[in-house]
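Trainee: sequence first, predicted coordinates after that:
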Amino acid sequence: MLSLQHISKYYQVSGLKNFVLNDLSLEIDEGEFVSIMGPSGSGKSSLLNIIGMLDEPSEGYHYFAGQAVHQLKEKQRSALYKQYVGFVFQAYHLIDELTVYENIETPLIYQDFKGSERKAMVADILDRFNIVGKKDLFPAQLSGGQQQLVGIARALIAKPKLLLADEPTGNLNSKQGEEIMELFRKLNKEDGVTIIQVTHSEKNAEYGSRIINLLDGKIESSKQL
Amino acid sequence: MIKNYIKIAWRNLKRNKAYAFISVVGLALGITCGILIFTLITYHLSFDNFHKTPDRVYRLYTEWHDESVGRSQGVPQPLGKTFRNDFALAEQTARAISFHDNLITITQGNQVKKFNEEDGVAFTEAGYFDILNFPLLKGDKKTILVKPGEAILTEKTARKYFGDADPIGKVIRLDNKVNFTITGVLKDLPANTDRKQQVYVSYGNMNEYTNKEREDNWGGVFSGSEVFTLLKPSTTLASANEAMALIVKKHYTGRDLKVWKFKLQPLSDIHFNSDLDGYADKKYLWALFFIGLFLIITACVNFVNLATAQALNRAKEIGVRKVLGSLPRQLFWQFIAETTLITLVAVIVAVALSFIALPVINNLFHSQMAFELSQLAVFIVLISILVVFLSGSYPGLVLARFQPILALKSKLSQEHVGGFSLRRILVVTQFSISQVLIIGAIIIVSQLHYSQTADLGFNKDAVVLLPIPQNDKAKLSTLHNRINEVQGVEKSSYCYRPPASQSNNSTDVRFNHRAEDEHWGINTKPGDENFLSTFGMKLVAGRNFFPADTTREFLVNETFVKKLNLKPQDVIGKMLSVNGRSTTAPIVGVVKDFYNYSFHTEISAVCIMPDYRSYSTLAVKINMRNAKTSLAAFEKIWNETFPEELYSYQFLDDSVGKFYEMDNIQLKLVEAFAGIAILIGCLGLYGLVSFMAVRKTKEIGVRKVLGANTQHILWLFGKEFTYLLLIAFVIAAPLAWWVMHNYLQDFKYRITIGPGIFLASILSTFIIASITVGYRSIMAATANPVKSLRSE
């Protein structure tokens, strides 16, 4: 599905390169559920952002779904991204001014779905996530777990092949966290969505099929479960 | 998509009410000024554009080339006739000779009604209404004003005279001299014409009304004697000008051949040419245009300022949208949609404000402007689009360019929203504009104050001017005696006009029987022996003339002496000839110079002499404590002396004040615009300070924890805006100096632009700015540091 080769990311500070990712290579196949772990500052989020094409590496080659991302123009990259990737955040990042329904609908608007299609798709996912009753509420009226559920629903609405999650349970209590993880496992197993998550929790990491440990911008270990 | 944009725009505005309010108010003020200035400019540009073939219509005017060039819209009375009879260049040529403040008397049974026609009456040749498009409601266009003794008037004047009765066939009497029968009614004149006369009478009665010599007098002009011509399509301006040269050749001799010139003025030039009687100098219309443009720019700048500061608060939303797949273009348009919404609200407010403000402006200009709805609609649409893109595109671009990762992590800083320095530049721009306007307003105020309080060389206080409609010797002397007996009257004098007047007679002058006339004219001021004492004027040499009815002796002013390069004593006893040498008498005294025109015009050579036939004013110096009873007594005596006339009076200082009517209007406009510019500027400043307060929350918190007190924190803000205002001042001061220096060139006697004016401007700006930023800064400075640090 995607391949990173000799990826580096650094910031130039008074002439010195400050490496966040250092010559890192990684292959991920379709259908995998990868958990990325590592201490603070080891480059987990940067790696995720580069995989998700939100950020560009300083050096290296990046292939995604058979295309060389490092050669694509902004517009093509954006099109690729829209088609394949959904993002879930630790802090949910719902738009405060929009209702649950409108939040979930927004990606579809950007992908030029027609009004009637959008309606059907949103209704479908609201049903699947069991949040039909919440659709007219604003994010501030929901609990953290419910907000994250909306965040995931929004990430999945356009049926992405790859779901990227940056500490999706970081702001949730353990019960809510477990429910989200169960949901991820189900999505991976039943719908075949490739998932890459960044997590601090060993327990959550074990829901995946592979655990990658990062240290100082390099892969320290990688184990298949 | 659009629906979504508008929905989120609306919710965003609702959430940030203060921001929306400031943005809307700023834009609305700017757009209001834009609408009003647009209306004003189109109103002036529309003057006399409704005639059938305006590009072929010209007015003849006179130019004199002597020591200096003089111009008048008036021409010698025979010129129009000659041009018509001797040349076949025009389809129609018509003379119109107009007088001001005429008395119209209407007798119906025993009832006598008197009206003062302020806009006057014009003796008009019939062709006038073929050249200019003033349609008749009643009467036959073919025969109208062809025969003597006919009059036509406008609908509203007819109603004023006769109520709802049919005016046709009724008789009006003009200045107790000539009767006219009404044969037609004109549709009311549109507001946008410089032809103001409401009553037109047959040209054939001109000789009966004035003296016969005027009809063939090439030697002088009366400013009301105008000629309009409609040139044939084949006639070029050059051939018409040639004809004018031929006319001069035929009717003038000697030096006059070089001095006199007649020219054609296009109809479209009449309203704007201030060398003649043009009302609206295009220079001032341009100035207004730029002020309007500046105000709209200021309002947009303000909006950009607030919107980019606001952008930081929206970073998260933008980040999320980008992550959800929005293209920069889509974010840009989303922001444009928001700006459009704000602009629409602002436009609605602005239109409402304009409708409220227009009557005030009409009152100020004595004009009858109305909104041309179709034109205005186009203007509003265009200006809305301009405002939307001027103010929406930059913040839109800034938002669209946000790095989503940084935005989501709240790691955006001022560099990402166009930099703090950009906002500084914008605020400096706004304050430069408002300081230019403030300096302008201060200078106009000072100049007007100078004009109104400076020593004019004569006393203008407590002098009442009474009109003299008839120059009957016996009546004059009775009136004089009776007025002098009224309690509170100190002195009185018969004269043509007071020392400074808008109505003047200038004539040729020959000194001491020299071989030829001087190359400059002299302003003749007929007045009796009490003229000097009534107006408190001083002699520098010689004596006052002895009481007389006709000119036996002359007084001249210092300028006269200077122009001759002589000393005051040298002219005493020398002979002076004026009015084509028809009047010759010795000079007996020299009066100290006084301002015989306004401060716009240089003091000219003046002579004062008795001549009872020229008197049209009785100037009475009174004791203001008894003013009320004195004025009542004057009215009674005057009405008994002139029972057929309409009484009116004026104070001299009011009449002098009229010189500066336009200046006062300009002052009020500049004051209003300066006020609005400052207001918008303050909104911008408030936005900047709010932005700073948010940005410096942590810094303030840390400083307070480290022991800074409120004053220290306030100085953080004070330092910033002091610095900005100083830069704005450095930009504004030379610009304002240059503009106002040019403005003052219009005054021959003027103030100098001193440092005090600049000091006053910057001080006032500082005070206003301090008040604006004060509240927000104090809020920020007194906030509990624990709160601001906790969020980090």
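Mentor: Yes, it's here.
Trainee: any weak-confidence spans in chain A?
Mentor: Flagging of chain A using pLDDT under 70 yields an empty set of residue ranges.
Trainee: for it, what lies in contact range of chain B?
Mentor: Taking CB under 8 Å from any CB of the partner chain as the measure of proximity, chain A contacts chain B at A:49, A:54-55, A:75, A:78, A:81-82, A:87, A:89, A:91, A:93-98, A:102, A:106-107, A:109-111, A:154, A:158. No exception for glycine: its C-beta is placed from N, CA and C like everyone else's.
Trainee: in helices, which of the residues you listed fall?
Mentor: A:49, A:75, A:78, A:81, A:82, A:102, A:106, A:107, A:109, A:110, A:154 (DSSP state H).
Trainee: so what's the residue nearest the centre of chain A up against?
Mentor: For chain A, the residue nearest the mean C-alpha position is residue A:164 (1.5 Å; CA atoms, centre = their mean). Shown in contact with residue A:164 (CB atoms under 8 Å, 6 or more residues apart in numbering or on different chains): A:48, A:51, A:52, A:85, A:86, A:87, A:88, A:195, A:196, A:197.
Trainee: run the last query once more with 10 Å
Mentor: Going by CB atoms under 10 Å, 6 or more residues apart in numbering or on different chains, residue A:164 touches A:48-49, A:51-54, A:85-89, A:155, A:194-198, B:323.
Trainee: now the buried members of these.
Mentor: A:48-49, A:51-54, A:85-89, A:155, A:194-198, B:323 (16 or more other CB atoms under 10 Å in any protein chain shown).
Trainee: so which of those belong to strands?
Mentor: The strands, defined by DSSP state E, take in A:85, A:86, A:87, A:88, A:194, A:195, A:196, A:197, A:198 from the buried ones among the contacts of residue A:164.
Trainee: nearest to residue B:302 among the residues you listed?
Mentor: Set against residue B:302, the nearest of these by CB to CB is residue A:87 (36.7 Å).
Trainee: mind listing the strands for chain A?
Mentor: Using DSSP E, strands in chain A cover A:2-13, A:16-28, A:33-37, A:59-64, A:67-68, A:85-88, A:162-166, A:194-198, A:210-215, A:218-224.
Trainee: all strands of the stretch 551-700 of chain B, in order?
Mentor: Counting by DSSP state E, counting those that start in this stretch, the stretch 551-700 of chain B has strands at residues B:554-557, B:575-578, B:583-591, B:606-609, B:617-622, B:650-651.
Trainee: give me the mean pLDDT for the first one.
Mentor: Per-residue pLDDT values over strand B:554-557 give a mean of 94.
Trainee: quick check: closest non-adjacent residue to residue 197.
Mentor: Chain wasn't specified; assuming chain A. Closest residue in space to residue A:197, ignoring its immediate chain neighbours: residue A:165 at 4.1 Å, by CB to CB, 6 or more residues apart in numbering or on different chains.
Trainee: right idea, wrong chain: chain B
Mentor: Nearest to residue B:197 is residue B:122, by CB to CB, 6+ apart, at 4.3 Å.
Trainee: how close does the closest residue to chain A within the stretch 551-700 of chain B get to residue B:394?
Mentor: Here the stretch 551-700 of chain B gets closest to chain A at one residue, residue B:694, 17.4 Å apart by CB to the nearest CB. Distance from residue B:694 to residue B:394, counting by CB to CB, to the nearest Å: 20 Å.
Trainee: which strands and helices lie in contact with the helix or strand containing residue B:389?
Mentor: Following DSSP states H and E, one finds residue B:389 within helix B:373-400. The elements that helix B:373-400 packs onto, with contact taken as 3 or more CB pairs under 10 Å, 6 or more residues apart in numbering or on different chains; DSSP states H and E, are helix B:17-45, helix B:282-311, helix B:315-323, helix B:328-365, helix B:419-453.
Trainee: what's the span of stretch B:553-566, first residue to last?
Mentor: From its first residue to its last, stretch B:553-566 covers 19 Å (CA to CA, to the nearest Å).
Trainee: how far does the helix or strand encompassing residue B:228 sit from the chain's center?
Mentor: Assigned by DSSP H and E, residue B:228 falls within strand B:225-231. Relative to the chain's own centre, strand B:225-231 is displaced by 27 Å; criterion: CA atoms, centre = their mean, to the nearest Å.
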